[in-house]
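Asks: Curious how this folds, go ahead:
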Amino acid sequence: MIVYSLLAATLLFSFWSLWILWKNSNRPLAASWLPLLVATGLAVVMYLYGTWVFISVYGKYVFVLCFVAMLVFSAVRKKEQGAGNRAPSKNILNGVLLVVFLTLTILYFTGTAGKPYGVANLALPFKSGTYFVFQGGNGLPTNVFHYGGRRTLFAMDIIKLNNAGNRARHIFSKRLEDYEIFNDTIYSPCAGVIAKTECDNPDNIPPSRKRGPTNLNMVLIETDAEWVFLGHMKQSSVFVKKGDMVATGQPLGLAGNSGASLEPHLHIQAHAKTSRDLPWYQQPQLQIRFDGRSYLLFEEIEAR
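Replies: The predicted structure follows:
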């Protein structure tokens with residue numbers, strides 16, 4: 001199960017960074033600075049990429065506090081006089097790891113897809129609550145599940161958090177109602193014309209993931225300059241139909257788990273209108289901003 005695997009990796013690598021600190025805490029700084037940098041680099045990567053949301057988003061703050069406490073302990077712990085430099089092979093390995101962690105940190109903010117064609121300035125399609133970017137960014141590594149499509153490099157998957165910082169009542173659940181976003185009302189992020197809708201497809205029961213347009217409930221909005229697609233809606237929950245004029249903030253439907261979806265969430269992507277000869281999804285991709293702000297992987301969004 002991918003959820004448990006990702007969570008296990010997060011906890012394992014986080015504890016590994018703490019273990020590196022502990023192991024080197026009794027060595028002089030001149031002999032331990034490289035492992036300490038490696039531990040810090042790994043901690044930063046776990047803070048940015050760790051799937052803490054499977055237990056609680058507040059877990060990463062607890063981890064940071066533990067890491068800082070371990071750093072303080074390492075600074076004040078008595079050093080062993082005989083603890084000298086490491087073997088050259090270990091220094092090389094640590095150097096490689098440090099480069100990997102630094103690269104992952106940089107790519108978190110930059111991605112690998114370069115600059116988008118432009119920006120879609122949208123309203124957040126939710127009215128109240130705390131939401132969470134489950135997938136998003138400019139290609140690899142932050143948007144890994146969208147990267148294979150090549151036309152979804154700037155797409156976003158959004159979930160909702162409860163007061164405990166969890167997305168669901170359990171780490172993983174087969175009950176759709178256990179997920180905080182399921183049945184949440186989705187509002188139009190822009191004004192435009194409804195170009196297409198689907199609403200008759202059943203919701204997947206996690207971890208089922210039926211791929212393809214034949215099992216996807218969605219709304220496609222056409223504006224003067226762009227196409228905005230919202231997918232994975234709940235069966236029979238779409239409130240609008242093709243040809244309807246919609247205003248920003250108008251209800252469109254309910255969040256569900258139809259289509260290529262492992263668990264309930266909202267998928268949203270935007271494309272520029274540049275040609276009448278190409279389908280909307282083959283036209284240039286736009287970076288999405290909600291209420292003037294762009295968001296990265298695992299960032300929280302407060303709806304007001």
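Asks: mind listing the helices for the stretch 101-250 of the chain?
Replies: Using DSSP state H, counting those that start in this stretch, the helices of the stretch 101-250 of the chain run over residues 144-147.
Asks: Show me where this protein has its strands.
Replies: Here the chain has its strands, by DSSP state E, at 118-122, 129-135, 156-161, 185-187, 192-198, 218-222, 226-231, 245-246, 251-254, 266-272, 285-290, 300-303.
Asks: Run through who's touching the first one.
Replies: Right, strand 118-122. 189-190, 226, 228, 268, 270, 272, 284, 286-290, 292, 294 (CB atoms under 8 Å, 6 or more residues apart in numbering). In this view, the C-beta of every residue, glycine as well, is placed from N, C-alpha and C.
Asks: Please name every helix or strand in contact with the helix or strand of the chain with the lowest mean pLDDT.
Replies: Ranking every helix and strand in the chain by mean pLDDT, DSSP states H and E puts helix 144-147 at the bottom, with a mean of 88. Other elements packing on helix 144-147 under the criterion 3 or more CB pairs under 8 Å, 6 or more residues apart in numbering; DSSP states H and E are strand 129-135.
Asks: Can you list the strands that the strand it packs on pairs with?
Replies: strand 156-161 (antiparallel), strand 300-303 (antiparallel) (DSSP bridges).
Asks: Could you single out the most deeply buried of the ones you listed?
Replies: strand 156-161 (a mean of 24; mean count of other CB atoms under 10 Å).
Asks: Pretty sure H170 sits against E180.
Replies: No. Using CB atoms under 8 Å, H170 is not in contact with E180; the gap is 11.7 Å.
Asks: low-confidence ranges in the chain?
Replies: 81-88, 150, 209-213 (pLDDT under 70).
Asks: Following the record's annotation, map out the domains of it.
Replies: 2-110, 118-303 (automatic domain parsing).
Asks: Of the ones you listed, flag the one that's most buried.
Replies: domain 118-303 (a mean of 18).
Asks: Start and end of that one, how far apart?
Replies: 24 Å (CA to CA, to the nearest Å).
Asks: residues in contact with the nearest residue to K127 once chain neighbours are set aside?
Replies: Excluding the flanking residues, the one nearest K127 by CB to CB, 6 or more residues apart in numbering is A303, at 5.9 Å. With contact taken as CB under 8 Å, 6+ apart, A303 is in contact with L124, F126, K127, S128, G129, T130, Y131.
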